[in-house]
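Visitor: Output the structure for:
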Amino acid sequence: MSEGKLTLKDYIKAMGPGAIMSAAIIGPGTVTTASQQGALYGFTSLWILLVACVIAYFFQEPAMRISIGCKESVMVGVREHLSPGVAKFLWIVIFVGSIAFHAGNLSGASMALEYFVPGTSNLMWAVVMSLLAFIIVMLNRYKVIENVNQVLILMMVFAFVLTAFTSGPDIGDLVTEGFSFKIPGGNAVLAVSLLATTVTPNLVLGYSAFLRKKYADSQTPARDIKLAKADLGLNMFVTFLITGSIIVCSATVIHPTGKEITSAADMATQLVPLLGRFAGILFSIGLWAAAISSVLYHVSIHNTLFPTAFHVDEDPKAKHNLAVVAAVVLIPVILIAFLGQSPVQLIIAAQALNGIALPMVCVICWILCNKKDLLGTYANNLRQNIVMGCVTVLTTIFALNALISVGKSILAMF
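Guide: Have a look, this model is predicted:
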């Protein structure tokens, strides 16, 4: 195939993996954190969100060169070029995180749906959402997952951006306060928490797996890497647009009242008396889309990551892959059934593991990207090494923040 001039049609056809990653980032946790940031500190968190999305782009960029340029997933690279034990450890971290955050995502989706159908139980909606995600994954068609996530991203753009627009923000304050480059309220820990919800260790591994499916038959890697960069860049901007809209809405409507936001569902309820039921409906639609997209992501990555980490049959219908996917689907539902809510202790454990794994993943990608025997002409140059070094330092700061938060949560239990 010719590597001629790229057209708009080429860029449109290349869209997909970036949308999946954007949908994975914007879950109920991100919606809640953004709502709290806006309610507490107004627009001042917008610049931090922008920095987070830029970091998220460069954190995932190595996956393009490894997955498209070398036709290997990052997990295979870890297993074959570093250590099978490290690959297995990373999968365990992601598995625990998937179960914990999947339960939280199900709770978020349930709260959003309960807004439309009052009196229904979280468990009922958790079962429905899990079955929906399981059916989509079992279709074993990458294009279906890609298209579903693109629709969910459009729903979030429509819901959250329109809600922010109807809230009537002061554009002058939005620009001057939002990009003042000040730490909101001097609270560095809360500021870093917004960064940490945007950059998690499973991003680069999951993104790599989806790139391998999208570009399995790539004959023009340099061209396809360029297209993948455009796709990821656009969707990290969309991530900023959606999450920023939540901050803007909360800053405009909730911040002046002095009220506190405890959850994303609480945000939807608080908007109703201030902006009317229409705003509550829009926000709940966005919350549901954020929750179900994250549910789908956590369910869909394991029939690729597990076999590549343990070097077993990669057929999605192989018994071990079906068992892993079934575990990710069923265990959170069982936890919700017994606890009546998302499992706090498991989420704390997952955050601790993420805190350990995040800088580890950065260093691993950095090492892989400097292996000329693996990447050849796609190996790091000086500029890329400087960028990856900066990302590693910043993600280490996020990791330390996560571990500090876990420590505080454990102390609060006693």
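
Visitor: Can you give the distance from the helix or strand harbouring residue 252 to the centre of its chain?
Guide: Residue 252 is part of helix 221-253, with elements assigned from DSSP states H and E. Using CA atoms, centre = their mean, to the nearest Å, the distance from the centre of helix 221-253 to the centre of the chain it belongs to is 12 Å.

Visitor: what does stretch 241-261 give?
Guide: Centroid separation for stretch 241-261 versus its chain: 21 Å, with CA atoms, centre = their mean.

Visitor: who touches that stretch?
Guide: Counting by CB atoms under 8 Å, 6 or more residues apart in numbering, the neighbours of stretch 241-261 from elsewhere in the structure are 22, 26, 30-32, 34-43, 45-46, 49-50, 153, 156-157, 160-161, 163-164, 167-170, 174, 198, 267, 270-271, 274-275, 283, 286. For every residue, glycine as well, the C-beta is placed using N, CA and C.

Visitor: so of the residues you listed, which ones are in helices?
Guide: Of those, the ones assigned to helices by DSSP state H are 22, 30-32, 34-41, 46, 49-50, 153, 156, 163-164, 174, 198, 267, 270-271, 274-275, 283, 286.

Visitor: if we can go back for a sec, could you give the average pLDDT over the helix holding residue 252?
Guide: Averaging pLDDT along helix 221-253 gives 93.

Visitor: buried residues in that helix?
Guide: Of the residues in helix 221-253, those buried by neighbour count under the rule 16 or more other CB atoms under 10 Å are 221, 223-228, 230-232, 234-253.

Visitor: picking up where we left off before, derive a PyMOL selection command for the buried subset of the contacts of stretch 241-261.
Guide: In PyMOL syntax, the buried subset of these is picked out as below (16+ other CB under 10 Å):
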select buried, resi 22+26+30+31+32+34+35+36+37+38+39+40+41+42+43+45+46+49+50+153+156+157+160+161+163+164+167+169+174+198+267+270+271+275+283+286
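
Visitor: wouldn't residue 365 be in contact with residue 62 here?
Guide: Yes: at 4.4 Å, residue 365 and residue 62 qualify as touching, with contact defined as CB atoms under 8 Å.

Visitor: and for these two, which residues touch both?
Guide: For the pair residue 365 and residue 62, residues contacting each of them under the criterion CB under 8 Å, 6+ apart are 74, 204, 388.

Visitor: does residue 218 sit in a helix or strand, and which one?
Guide: Using DSSP H and E, residue 218 maps to neither a helix nor a strand.

Visitor: need the contact list for it.
Guide: With contacts defined as CB under 8 Å, 6+ apart, residue 218 is in contact with 68, 71, 224.

Visitor: same deal with residue 268?
Guide: Residues in contact with residue 268 (CB under 8 Å, 6+ apart) are 112, 115, 280, 283, 284, 287.

Visitor: Would you reformat those residues as TSV and include distance to residue 181 and pLDDT?
Guide: What follows is the contacts of residue 268, written out as TSV (distance: CB to CB, whole Å; pLDDT from 0 to 100):
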residue	distance to residue 181	pLDDT
112	34	76
115	36	72
280	33	76
283	28	82
284	33	83
287	30	84
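
Visitor: which of the residues you listed lies closest to residue 400?
Guide: Ranked by distance to residue 400 (CB to CB), the contacts of residue 268 are led by residue 287 at 29.8 Å.

Visitor: about what we covered before: narrow the shared contacts of residue 365 and residue 62 to those in helices?
Guide: Per DSSP H, the shared contacts of residue 365 and residue 62 map to helices at 74, 204, 388.

Visitor: could these be laid out in CSV, adding distance to residue 127 and pLDDT?
Guide: Formatted as CSV, the entries for those read as follows, by distance: CB to CB, whole Å; pLDDT from 0 to 100:
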residue, distance to residue 127, pLDDT
74, 33, 91
204, 32, 91
388, 42, 90
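
Visitor: How far away from the center of its chain is stretch 45-54?
Guide: The mean C-alpha position of stretch 45-54 is separated from the chain mean by 15 Å, CA atoms, centre = their mean.

Visitor: So which residues make contact with it?
Guide: Outside stretch 45-54, the residues within contact range by CB under 8 Å, 6+ apart are 34, 37-38, 174, 178-181, 184, 191, 194-195, 198-199, 236-237, 239-240, 243-244, 247-248.

Visitor: Need the mean per-residue confidence for it.
Guide: Model confidence over stretch 45-54 averages 91 on the pLDDT scale.

Visitor: Repeat that for stretch 128-144.
Guide: Stretch 128-144 shows an average pLDDT of 86 in the prediction.

Visitor: now what about that stretch, what contacts it?
Guide: Applying CB under 8 Å, 6+ apart, the external contacts of stretch 128-144 come out as 106, 109-110, 145, 148, 210, 213-214, 291-292, 295-296, 299-300, 303, 316-317, 325-326, 329-330, 332-333.

Visitor: now stretch 79-99
Guide: With contact meaning CB under 8 Å, 6+ apart, stretch 79-99 is reached by 72, 75, 78, 200-202, 205, 298-299, 301-302, 305-306, 308-311, 324, 327-328, 331-332, 335, 346, 349-350, 353-354, 356-357, 360-361, 364, 367-368, 371, 374.

Visitor: Now do the contacts for residue 370.
Guide: Residues in contact with residue 370 (CB under 8 Å, 6+ apart) are 379, 380, 385.

Visitor: what does stretch 173-187 rub up against?
Guide: Contacts made with stretch 173-187 from outside it, assessed by CB under 8 Å, 6+ apart, are listed as 37, 40-48, 50, 190-191, 248.

Visitor: For it, buried residues please.
Guide: Residues of stretch 173-187 classed as buried by neighbour count (16+ other CB under 10 Å): 174, 177, 178, 183, 184.

Visitor: Could you measure from the residue lying closest to the last one once chain neighbours are set aside over to residue 54?
Guide: Setting aside the residues directly before and after it, residue 184 is nearest to residue 41 in space (CB to CB, 6 or more residues apart in numbering), at 3.6 Å. Taken as CB to CB, to the nearest Å, the spacing of residue 41 relative to residue 54 amounts to 20 Å.
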